[in-house]
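Novice: sequence first, predicted coordinates after that:
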Amino acid sequence: MTTHLPITPSWTCGGCGADWPCHTRQRELRAEYERGPVSLTVYLAAQFVDAAEDLAHVPAGRLRHRFLGWTR
């Protein structure tokens, strides 16, 4: 079980304090969703929507890149 889960409403990583999803969590999620990349994108899109509500002061493009820009 990972410690790199989001702490809301700041959306920081509970494991390392970086912006979530941190690099460690990105690696974990890639491995977890290796056979389901579309499912990973759907999961992250849902997280993006929740984060956008909490982080209304952060530009949407920046959040999109943070949550979805690292996926393929």
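Specialist: Cool, got the structure. Numbers count the residues shown, from 1 in each chain.
Novice: and the longest helix seen in the chain, how far from the chain's centre?
Specialist: In the chain, taking DSSP state H as the definition, the longest helix is helix 37-54. From the chain centre to the centre of helix 37-54 is a distance of 7 Å (Cα atoms, centre = their mean, to the nearest Å).
Novice: next one: stretch 6-17
Specialist: Distance of stretch 6-17 from the chain centroid (Cα atoms, centre = their mean) equals 10 Å.
Novice: so who does the residue nearest the centre of the chain touch?
Specialist: For the chain, the residue nearest the mean C-alpha position is residue 21 (3.7 Å; Cα atoms, centre = their mean). For residue 21, the contacting residues are 4, 6, 13, 29, 44, 47, 66-67, 70, by Cβ atoms under 8 Å, 6 or more residues apart in numbering. Every C-beta, even on glycine, is put in place using the N, C-alpha and C of the backbone.
Novice: hmm, back to that, show me what the longest helix of the chain is packed against.
Specialist: On a contact count with 3 or more Cβ pairs under 8 Å, 6 or more residues apart in numbering; DSSP states H and E, helix 37-54 meets helix 23-32, helix 60-68.
Novice: in TSV, list these along with distance to residue 52 and mean neighbour count.
Specialist: Formatted as TSV, these follow (distance: least, Cβ to Cβ, whole Å; neighbours: other Cβ atoms under 10 Å):
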stretch	distance to residue 52	mean neighbour count
helix 23-32	18	14
helix 60-68	6	15
